[in-house]
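A.B. asks: Any chance you can model this:
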Amino acid sequence: MEQKQSLSALADKLSAEGPGVKTIKLRQLLEPHREAFGVRPTKMLFPPVEIGSVTLVDQIVLLSLMDFCTPKRIVEIGTFLGYTTRMLLENSSDAIIYSVDLPQGDSTTKDGFDLVRVLNDGDYNDRYLTQQRELIGETYLADLPESILARLRLIRQDSTTLNYADDIGRIDFAFIDGGHDLETVAADTACIRQAVKNGVIVWHDYSSGIHSGVTEFLSNEDNCSEVFHVAGSLCAFEIRKQA
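C.D. replies: Okay, here's the model as predicted:
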């Protein structure tokens, strides 16, 4: 099934009246996926244990939506340790993946963090994640073969300063998981929407208990015409269709 047909079929099945974010069950995404693609294997490492990573349900949502896009260009905002980057690479045969994160800092010591506070305080959590990325780096990409890494473009730049439409071109699939504050989420979304005409945008940390930026942004009906949240996940997504 071609990309436009796949996306249109999925959008038709999920379509619901009224603006705002609609919560759906995972089954509502997996049933049309089975109809379109049958049973197929995927490749995932065991779910990561690091704070700030995606859950197993998040991964299923991402890979299912990526199938509907048959993407040639993927953008990920928020490389972090490279787990999701690797998953996207290993489940796409020829897509070029652009993964964006801030330049590496110069942390050389591991300051102590209160892990209870890390799990309950959004700003404190962000500081912890930034330090972990600076100390550890993209560890999940370390052992990938060159044949796969050749499709990866790591971009070390503030995501809100990029012009994706001009610098990358048409994007088929985007995963927004960078800065968690409302201003950054709004800026990232605006830039990505300019480049995704027929494809899918996924936001991470929707309905998060400590990061409210994505939920606040999408709760504004002016910012979402038809966005879906998969229950049991931190993913909300939008299907972009250009006539």
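
A.B. asks: Can you show me the strands along this protein?
C.D. replies: 21-24, 73-77, 96-101, 152-156, 173-176, 199-204, 227-230, 235-240 (DSSP state E).

A.B. asks: okay if I get those strands as CSV plus distance to Arg34 and mean neighbour count?
C.D. replies: (Glycine included, C-beta is placed from N, CA and C.) As requested, these are arranged in CSV below (distance: least, Cβ to Cβ, whole Å; neighbours: other Cβ atoms under 10 Å):
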stretch, distance to Arg34, mean neighbour count
strand 21-24, 15, 16
strand 73-77, 23, 26
strand 96-101, 26, 22
strand 152-156, 30, 16
strand 173-176, 20, 27
strand 199-204, 18, 25
strand 227-230, 16, 22
strand 235-240, 18, 24
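
A.B. asks: can those strands go into TSV with extra columns for mean pLDDT and distance to Glu216?
C.D. replies: Below are these laid out as TSV (pLDDT from 0 to 100; distance: least, Cβ to Cβ, whole Å):
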stretch	mean pLDDT	distance to Glu216
strand 21-24	91	11
strand 73-77	98	18
strand 96-101	97	22
strand 152-156	96	26
strand 173-176	98	14
strand 199-204	96	11
strand 227-230	94	13
strand 235-240	94	12
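
A.B. asks: burial measure for Val118, as a count.
C.D. replies: 19 (other Cβ atoms under 10 Å).

A.B. asks: and the gap between the spatially closest residue to it that is not a sequence neighbour and Asp121?
C.D. replies: What sits nearest to Val118 in space, not counting adjacent residues and going by Cβ to Cβ, 6 or more residues apart in numbering, is Tyr128, at 4.7 Å. Distance, Tyr128 to Asp121, using Cβ to Cβ, to the nearest Å: 9 Å.

A.B. asks: Could you do Phe173 as well?
C.D. replies: Counting by Cβ to Cβ, the gap from Phe173 to Asp121 is 32 Å.

A.B. asks: Which residues are in contact with the closest residue to Arg133 other than its chain neighbours?
C.D. replies: Once flanking residues are discounted, Arg133 sits nearest to Phe80: 5.6 Å by Cβ to Cβ, 6+ apart. The contact partners of Phe80, by Cβ atoms under 8 Å, 6 or more residues apart in numbering, come to 52-53, 101, 129, 132-133, 177.
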